[in-house]
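Engineer: Build me a model from this:
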Amino acid sequence: MNFPWGAFALGLAPAAGASALVLGATWLLSRRRGIYRYVDSAWGFAFAFLAAASWLFAYGSQGTDGSRGLGDPVRAGLAAALTIVWGLRLGVHIARRGRGKGEDPRYDRMLSKAPEGTPRPRYALRVVTLPQAALVWLVSVPVQAAVLLPYGTWWVTWAGVALWALGLFFEAVGDAQMARFKSDPAHKGKLIDVGLWRWTRHPNYFGDFAVWWGLWLLTLPAAGAPAAAWGPAAATSVSPLLMTYLLVFGSGKRLTERGMAEREGWERYAARTSGFLPWPPGVWPKGRGD
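Structural biologist: As a prediction, the model looks like this:
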């Protein structure tokens, strides 16, 4: 069985359309209300919608033998369902966190750089909405490939599911612990150092990292498969690599720690807590470049 590269190429279009639809609708809402932070919650919803669209495309495609669906149904169902669950949880969490609040200062700073004479909505479309839509489409390529893979599952597939579950645990529990910490007025301006936040300074970012490497593992064929069968995994490895870069060096950890460094106790917290990968509290080796 060969990977249907032609169908994969055709499926890139509906996947891009799904991402553009969610982010475009979010931009229209933001334009109407003058608040562009809505794109943060739309990020998760866009992944969920794209995964559903990719699964429907794969299921609706016809195999060479006339059968419905091109991919292995178990692998395809896992890839779509795991992405939908992750995306919906993230989108709902961010939407609840921002309920009733005004614009995020990050977007105020970003949009204040609009050239003179450029309307704020148009500038937001160019520097916020379109890049986010493109990122959703690019990061999701392992899901777009996995729903079309004709190979059955094997232990690495289930290892990917386990890694995804670990990532979701770190994200969901870390977010819940942060929300509970912030709900106490006595903690205003303080750094959270309880629960998962004792093991890593960024359990939510580590969770994202694990989720997307787990989803990428779903693109791996069984051991002993011909070299050509590994093509989809090689082609889609850009997704977890890009996500890792963004989380560690881009808009994730690096930018977040700029604000954290201004709070009391930062140096002590940073000295005893891993910067990314979970590590036993208080024993993070110095000089590890975190």
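
Engineer: CA atoms for contacts and neighbours, from now on please.
Structural biologist: Noted.

Engineer: and this structure, what are its domains?
Structural biologist: Domain ranges of the chain: 1-151, 153-290, per automatic domain parsing.

Engineer: Contact partners for the residue nearest the centre of the chain?
Structural biologist: In the chain, the residue lying closest to the centroid (CA atoms, centre = their mean) is D208, at 5.6 Å. Residues in contact with D208 (CA atoms under 8 Å, 6 or more residues apart in numbering) are 167-168, 171.

Engineer: Make JSON lines from those residues and add secondary structure, distance to Y245 and pLDDT to it.
Structural biologist: Listed next are the contacts of D208 as JSON lines, based on DSSP: H, G, I helix; E, B strand; the rest coil; distance: CA to CA, whole Å; pLDDT from 0 to 100:
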{"residue": "G167", "secondary structure": "helix", "distance to Y245": "17", "pLDDT": "99"}
{"residue": "L168", "secondary structure": "helix", "distance to Y245": "19", "pLDDT": "99"}
{"residue": "E171", "secondary structure": "helix", "distance to Y245": "18", "pLDDT": "98"}
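
Engineer: roughly how far apart are the residue nearest to the centre of the chain and F276?
Structural biologist: 11 Å (CA to CA, to the nearest Å).

Engineer: cool, and G265?
Structural biologist: From G265 to F276 the distance is 18 Å (CA to CA).

Engineer: which of these two has more neighbours?
Structural biologist: Neighbour totals were compared for G265 and F276, and F276 leads with 20 against 12 (other CA atoms under 10 Å).

Engineer: List the residues that contact W154.
Structural biologist: The contact partners of W154, by CA under 8 Å, 6+ apart, come to 221-222.

Engineer: Torsion angles phi and psi at it?
Structural biologist: phi -150, psi -170 (degrees, to the nearest 10).

Engineer: Over to K188?
Structural biologist: Dihedral pair for K188: phi -60, psi 130, per degrees, to the nearest 10.

Engineer: can I assume it is in contact with K182?
Structural biologist: Yes. With contacts counted by CA atoms under 8 Å, K188 reaches K182, the gap being 6.8 Å.

Engineer: which one of these two has more residues nearby?
Structural biologist: K182 (16 against 10).

Engineer: If I look at that one, what pLDDT would I see?
Structural biologist: Per-residue pLDDT puts K182 at 93.

Engineer: what's the distance between it and T244?
Structural biologist: Taking CA to CA as the measure, K182 falls 27 Å from T244.

Engineer: any idea where the strands of the stretch 151-290 of the chain begin and end?
Structural biologist: Here the stretch 151-290 of the chain has no strands by DSSP state E, counting those that start in this stretch.

Engineer: That one: helices as residue ranges?
Structural biologist: Using DSSP state H, counting those that start in this stretch, the helices of the stretch 151-290 of the chain run over residues 155-182, 203-217, 231-236, 238-248, 253-260, 266-272.

Engineer: Check the stretch 1-150 of the chain too.
Structural biologist: Using DSSP H, counting those that start in this stretch, helices in the stretch 1-150 of the chain cover 5-33, 38-60, 73-97, 105-111, 120-124, 130-139, 141-146.

Engineer: Only alpha carbons, please: show the last one as PDB.
Structural biologist: Meaning helix 141-146. What follows is helix 141-146 as a C-alpha-only set of coordinates in PDB (Å, rounded to 0.1, in the frame of the first residue of the first chain):
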ATOM      1  CA  VAL A 141       0.200  18.700   8.400                       C
ATOM      2  CA  PRO A 142       0.900  15.500  10.400                       C
ATOM      3  CA  VAL A 143      -2.900  15.300  11.100                       C
ATOM      4  CA  GLN A 144      -3.600  15.900   7.400                       C
ATOM      5  CA  ALA A 145      -1.200  13.100   6.500                       C
ATOM      6  CA  ALA A 146      -2.300  10.600   9.300                       C
END
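
Engineer: Need the helices of the stretch 1-150 of the chain in CSV (columns: mean pLDDT and distance to L215).
Structural biologist: CSV is the format used below for the helices of the stretch 1-150 of the chain (pLDDT from 0 to 100; distance: least, CA to CA, whole Å):
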stretch, mean pLDDT, distance to L215
helix 5-33, 97, 17
helix 38-60, 96, 12
helix 73-97, 97, 7
helix 105-111, 90, 30
helix 120-124, 95, 31
helix 130-139, 98, 11
helix 141-146, 98, 7
